[in-house]
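> Mind folding the following:
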Amino acid sequence: MSIFDIWLLAVALAMDCLAISIVSGVIVRRVIVRMALLFGLFQGLMPVLGWLGMSSFSQQLEAIDHWIAFGLLVLIGGNMIREAVSGREDEHFNPLGLSMQLMLAVATSIDALAIGISMACTGYHRLAQLAVPVGIIGLVSLVFSLVGQGLGIRFGQRIAQRLKPELLGGIILILIGVKILVTHI
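Numbers count the residues shown, from 1 in each chain. Here you go, the predicted structure:
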């Protein structure tokens, strides 16, 4: 894979982080750095885990990775939609919680796990060879998360007055899950 291909791959992987970060930025401002770091960390870590897992159980993982991502995203997105339409102010999506941020980071980085598996099949034979691609993937996801949250904070209040951010976020998460499922089936 050329360095240009790696940058394009990193941008494609970071799009989920961007979308979720925009919604999170609309809802609450205090999560910017931690969420961006978690997104970047998991997007960079998952290809390594995929690469490491390739030798032992790649076929089993490859067969279900898209279902795991789909399930997590539909679960989180469905919960956000339920909270948005319930009208109960005390039960809204809260990206401040570390457990929610970890779930989002894992859910958005499942496709990066599959990338790690493919890297093991395309000439990356040593762990050291993954340093540059993993660094680029993690960095791009971190930057896209920061930009997304900034956009959510800057422009989100106008949107939030017209549309419930939790509803929009839930729909976006479910659509991302469907996209992952459709592209892998």
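> Any idea how many residues pack against G78?
Burial of G78, expressed as a neighbour count using other C-beta atoms under 10 Å, amounts to 14. (C-beta placed from N, C-alpha, C; glycine too.)
> Centre of the chain to the host helix or strand of it, how far?
Using DSSP states H and E, G78 sits in helix 32-86. Centroid displacement of helix 32-86 relative to its chain, using C-alpha atoms, centre = their mean, to the nearest Å, is 7 Å.
> Can you name every helix or strand that it contacts?
Helix 32-86 sits against helix 3-27, helix 98-121, helix 131-162, helix 165-184, with contacts defined as 3 or more C-beta pairs under 8 Å, 6 or more residues apart in numbering; DSSP states H and E.
> could these go into CSV alongside mean neighbour count and distance to N79?
Formatted as CSV, those follow (neighbours: other C-beta atoms under 10 Å; distance: least, C-beta to C-beta, whole Å):
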stretch, mean neighbour count, distance to N79
helix 3-27, 21, 13
helix 98-121, 20, 10
helix 131-162, 19, 19
helix 165-184, 19, 7
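> which stretch among the ones you listed comes nearest W51?
helix 98-121 (4.1 Å; C-beta to C-beta).
> returning to what we had before: so the helix holding G78 versus helix 165-184, what angle?
Between the axes of helix 32-86 and helix 165-184, defined by axes from the mean of the first three to the mean of the last three C-alpha atoms, to 10 degrees, the angle is 100 degrees.
> mean confidence for helix 32-86?
If you average the pLDDT over helix 32-86, you get 80.
> got the angle between that helix and helix 3-27?
When the same axes, to 10 degrees is applied, the directions of helix 32-86 and helix 3-27 differ by 60 degrees.
> how big is the angle separating helix 32-86 from helix 131-162?
With the same axes, to 10 degrees as the criterion, the two stretches helix 32-86 and helix 131-162 enclose an angle of 40 degrees.
> Please consider this matter closed, and thank you.
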